[in-house]
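Asks: here is a sequence together with a model predicted from it:
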Amino acid sequence: MDTIELLKKVKIFTSLREEDLQKILGWSSIGKYKKGAFVFHEGDESEWLYIILRGKVKIVKHSASGQDTILEVHAAGDTIAEVAVIDGRPYPASAACLGESSLLKISRSKFMEVIVSY
């Protein structure tokens, strides 16, 4: 499945036209991550919205005692941390790849342009 077809299936983008999705792709970059690599850490500024193109990503909450709790596991077509990005709050948890993964990365400012126009 190509990237545009995947974006059409992402819940927050289902009402967008293909030309809008093309714009989003033009504003985006694709990051490739190895197994165990962190996409972002709890407390980081939420400057990016991520969409998983390939692979799986776990959302992990760190405790004061050093324990990690897996909150969710996301796969291709899922967005990560969209609420934090929309609200402009720091990421509430960390995201780490469970295997080789590719993620589309959209800046908060460009994502908010899309949200405001619809």
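Replies: Everything's here; your move.

Asks: name the residues of stretch 96-108 that are buried.
Replies: 96-97, 101-104, 106, 108 (16 or more other Cβ atoms under 10 Å). No exception for glycine: its C-beta is placed from N, CA and C like everyone else's.

Asks: what helices or strands is the helix or strand where D20 lies leaning on?
Replies: According to DSSP states H and E, D20 maps onto helix 18-27. Packing contacts for helix 18-27, counted by 3 or more Cβ pairs under 8 Å, 6 or more residues apart in numbering; DSSP states H and E, involve helix 3-9, strand 101-107, helix 108-117.

Asks: average model confidence for whichever helix or strand comes after it?
Replies: Per DSSP H and E, the first helix or strand lying C-terminal to helix 18-27 is strand 29-33. Average pLDDT, strand 29-33: 96.

Asks: in its sheet, what does strand 29-33 sit against?
Replies: Strand pairing for strand 29-33, using DSSP bridges, gives strand 101-107 (antiparallel).

Asks: excluding its backbone neighbours, what's nearest L53?
Replies: Of all residues beyond its chain neighbours, the one nearest L53 is S102 (4.3 Å), with distances taken as Cβ to Cβ, 6 or more residues apart in numbering.

Asks: I'd say that neighbour and K56 touch.
Replies: No - contact criterion Cβ atoms under 8 Å: S102 and K56 do not qualify, at 11.4 Å.

Asks: coming back round to it: who does the residue nearest to L53 bridge with?
Replies: S102 has these beta-bridge partners by DSSP bridges: K32, R54.

Asks: what's the distance between it and D2?
Replies: Here S102 is placed at a distance of 13 Å from D2 (Cβ to Cβ, to the nearest Å).

Asks: equivalent analysis for V57, please.
Replies: 21 Å.

Asks: secondary structure element for the spatially most central residue of the chain?
Replies: The residue lying closest to the centre of the chain (Cα atoms, centre = their mean) is Y50, at 1.8 Å. Element membership of Y50, judged by DSSP H and E, is strand 48-54.
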